[in-house]
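In: sharing a model that was predicted from the sequence below.
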Amino acid sequence: MEKTCTLLVHFDKGTPALANEIKEQLEGHDTERKIDAMKKAVMLLLNGETLPTLFITIVRYVLPSEDHTVQKLLLLYLEIIDKTDSRGKILPEMILICQNLRNNLQHPNEYIRGVTLRFLARLNEAEIIEPLIPSILSNLDHRHAFVRRNAILAMMAIYKLPQGEHMLIDAPEMIEKTLTTEQDLSSRRNAFLMLFTCAQDRAVNYLLNNLENVSGWGDILQMVVLELVRKVCRTNPGEKGKYIKIIVSLLSSPSAAVMYECAGTLVSLSSAPTAIRAAANCYCQLLLSQSDNNVKLIILDRLQELKVSHREIMVEMIMDVLRALGSPNLDIRRKTLDIALDLITPRNIDEVVMMLKKEVVKTQSKELEKGGEYRQMLVQAIHSCALKFPEVASTVVHLLMDFLGDSNVASAIDVVFFVREIIETNSSLRESIMARLLDTFYQIQSSRVCTCALWIIGEYSLSLQEIEGGISVIKQSLGDLPFYTTAEEGEVIDTSATKPGNQTPTPPTASKRPAILADGTYATQVAVPASVSTVPSLMAMAGSTTANLRAILLTGDFFLGAVVATTFTKLILRLKEVQSSNVAVNKATADVLLIMVSMLRLGQSAALPHLIDDDSYDRISLCIRVLSGSDDRLKTVWLKLCRESFVKMIADKQYREMEETKALAQESYAQPDDLIDFYHLKSRKGMSQLELEDEVQNDLKRAVGEITKDGDGGKKLNRVLQLTGLSDPVYAEAYVTVHQYDIVLDVTIINRTTETLQNLCLELATMGDLKLVERPQNYALAPDTSKQIRANIKVSSTETGVIFGNIVYETTSVLDRNVVVLNDIHIDIMDYISPASCADVAFRNMWAEFEWENKVAINTSIQDVTEFLNHIVASTNMKCLTPLSALEGDCGFLAANLYAKSVFGEDALVNLSVEKQTDGKLNGFIRIRSKTQGIALSLGDKITLKQKGSV
């Protein structure tokens, strides 16, 4: 049976000391060696050793010592040894220490008295404590506060014992008297805590009699007062009003801990707008005054909770919350922005955007740590603001476009996505955005940003000036043609590097001199240095060119070349509509066709590390064919249907966001015939404004069903698991409750025999990342009776775990112990993961980063690809990130991304690729990726089990 432990000391598992060595050191006269020996004895006892022969040695050689450290270690030793036998009776040798404890309680040194009183506070044996009661009480009036505060703690611990009220009959009266005369803060705190714990009515009376002085009490005493207020208000909500005044008065306390507890208490007890506003204001003050990042994150969690339940009040505090962006920690900034973005209204949008713009400007400073990541968060926040309130887009879009050439590619991608969406949703800004984009295009150095910017130029250049400007900017970014030339000597030369005025240093060239051949003709002899490659690569020249598109193309990125060709095609098709001069159109078309052919020749050159891919080759070739002919149907596809697809994608995204908002805003309402108290019929006599508001809020909560919500009994019954068979002598079943990091097993055990079961013990063990917190004790179970046993298990990661064990018991008729093996309890991974959302870019980045992958082959009786996807989503508790518009149609093939997040912050990524074969069966794979192995394997097992189509 596990015993209680009041002491925990780290034990280094080296070579343990032997009992004989400890005994020899204790019997010596060297104090330092005695201290060392006592420490070893305490650590051995804490780690399961018994050391039965050591007690008498300690009584003889340690008990008389006057050294304070030795005496303290002696008390620790006495605290952890067994003081009772197997029947619960006090051991006879314990009488030997009673006189020593009495002497310590009357010792002239206050330290000895204090540590002895602290030791007595941890004793549970009334036979040892009872003779010492007069000595304990005498220390209440000691001159030193250290002794008095420990005497009060000892009295509180003794009073809590089963026989404590008989041993200390007048303890509450004595402590109350001490509380009125005591000056030491710690002693007063302990005295008030004892009244709160043992005589709550006296604590309440003392508090009400000293209401005007509470704000002047010390912080540790005020914390106990808040705990008392919480307890009293929960048991008697009708008296909440007078106690809330105490909490409000303590909000101005100089102690940050008291302020935090006050705000939390106020929110838990009252829903009045004045109270919530005061609590939120208090949290914001702490957010700015505290330097510890962990404290800031905790306060932001509290503000997040307030935002969910009291959004209207938190809207007023948005600028105070945003001041937390001054912290250099990215987690704090991210959480602050998440809170603020949900509190934006037409009234505060201008202030919020102004604040975010200032922060964006600050990120340009090189002194700012992780400025690129912070700028990315700010861009995403501004993007969200502009989508909700399009009128602010004009104030931020030009500022953000300065960052299209940002070295942080993720931030630049967010900016260009923002520009792409704003130019579609806010047509009045199209001209200014296009002009700005053409001015800043040369700064873009990332291929992904270039592709999106080129798409914008191709789709939204509508006027003649914009079309000609777009063609000119792209041609300048590509540089002079051809992209390379091959000299007679076989050298590959970038033609842009030979352009006059280009000061870019050229790579070292080989030395040449004329040579006479055997037939008398001249030839050039080349001497190549060892450091110069005989076949120079164009990639080495990519970094020397100033044209951004040319530099990327020379690295072998032909997807960008295909996008350039597509953009040119759209621009030329629009130029034919707005340009009246056929000569100008033909000249522009010829120039564009020459560029496309040059890109194809570049892609087939051996100077590049790899040839052009087939897809890019086909796309560029298609563009050449479109410009060479005049098919009106193709023109409609290029100029109209492409834009319509993008508009549909934006509308689908907005629809999904609206649906998510509606789902979050749904509330459960009570029945219409429920009893409601009407505010105007209430008596206002003697009620303050805060009490009146609180009563109103309680009525509103009762009206909308927020006060009491009945749980679903059917779902609870699903968690009852049968652990033994119906014919076993002991029947057991368990109710499993999962609280994120904890699993609680409520096990009901029934004795079905006609005998009393003795030393019945529920022995459990775990497999996986589960850990038992405690082992249940031994019990005696009478015939046909039941026992409820609770076992707590800690969970450390998202992994399917197994709990197994048995029930062991003894009977009077059989000498041996009986064992009943229990059924295994499988902990479902679904209890730890929940659907979540993330951007496509973030999903791809995580997919590339995560190293653990589990590939599951599809084997199901379902014959429809969409039905199979819905079944997997429902079975795995994940969210489908692929929009519904992308899943429409019936082509027999489907690919979708699923995402979920665990309570431990782990990400679970799933890609489903399924194809319907000619025989009607589905074929394909489900790939799972995560940062840890456990979640990938567990989710794979779950999918394998559920994909057949069974529920």
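Out: Yes, it's here.

In: once you drop chain neighbours, what's closest to Lys635?
Out: Taking Cβ to Cβ, 6 or more residues apart in numbering as the measure, Lys635 lies nearest to Leu573, with 5.7 Å between them; neighbours along the chain are not counted. Any C-beta I mention is one placed from the backbone N, CA and C, and that applies to glycine too.

In: contacts only, for that neighbour.
Out: With contact set as Cβ atoms under 8 Å, 6 or more residues apart in numbering, Leu573 has these partners: Val626, Leu627, Lys635, Trp638, Leu639.

In: check which helix or strand covers it.
Out: With secondary structure defined by DSSP states H and E, Leu573 is part of helix 558-578.

In: tell me which residues in that helix are buried?
Out: Buried residues in helix 558-578, defined by neighbour count with 16 or more other Cβ atoms under 10 Å: 558-576.

In: report the distance from that helix to the chain centre.
Out: Between the mean C-alpha location of helix 558-578 and the chain-wide mean there is a distance of 45 Å, by Cα atoms, centre = their mean, to the nearest Å.

In: do stretch 810-819 as well
Out: In terms of Cα atoms, centre = their mean, the centre of stretch 810-819 is found 51 Å from the chain centre.

In: hmm, who's touching it?
Out: Under the criterion Cβ under 8 Å, 6+ apart, residues Pro729, Thr753, Glu755, Thr756, Leu757, Gln758, Asn759, Leu760, Asn806, Ile807, Val808, Tyr809 lie in contact with stretch 810-819.

In: what sits against Glu466?
Out: The contact partners of Glu466, taken as Cβ under 8 Å, 6+ apart, are Glu431, Met434, Ala435, Leu438, Tyr460.

In: would the third one count as being in a strand?
Out: No. Assigned with DSSP: H, G, I helix; E, B strand; the rest coil, Ala435 falls outside any strand and is helix.

In: okay, now it: neighbour count?
Out: Under the neighbour criterion other Cβ atoms under 10 Å, Ala435 is assigned a count of 14.

In: pLDDT at it, what is it?
Out: Note for Ala435: predicted pLDDT of 88.

In: and it, how far from Ala393?
Out: Summarising the geometry, the distance separating Ala435 from Ala393, computed by Cβ to Cβ, to the nearest Å, is 16 Å.

In: and if you look at the first one?
Out: As defined by Cβ to Cβ, Glu431 lies at a distance of 14 Å from Ala393.

In: and these two? Which one has more around it.
Out: It is Ala393, of Glu431 and Ala393, that has more neighbours when counted by other Cβ under 10 Å, with 26 against 15.

In: for Val147, see how far away the residue nearest to Lys635 is.
Out: As for Leu573, its distance to Val147 is 95 Å (criterion: Cβ to Cβ).

In: Thr569 too?
Out: Taking Cβ to Cβ as the measure, Thr569 falls 92 Å from Val147.

In: now Asn911
Out: On the measure of Cβ to Cβ, Asn911 and Val147 end up 69 Å apart.

In: which of the two has more neighbours?
Out: The residue with more neighbours, out of Asn911 and Val147 and counting by other Cβ under 10 Å, is Val147; that gives 24 against 18.

In: report pLDDT for that one.
Out: We have a pLDDT of 91 for Val147.

In: how about CSV for the contacts of Leu573, with secondary structure added?
Out: Shown next, in CSV, are these (three-state DSSP):
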residue, secondary structure
Val626, helix
Leu627, helix
Lys635, helix
Trp638, helix
Leu639, helix
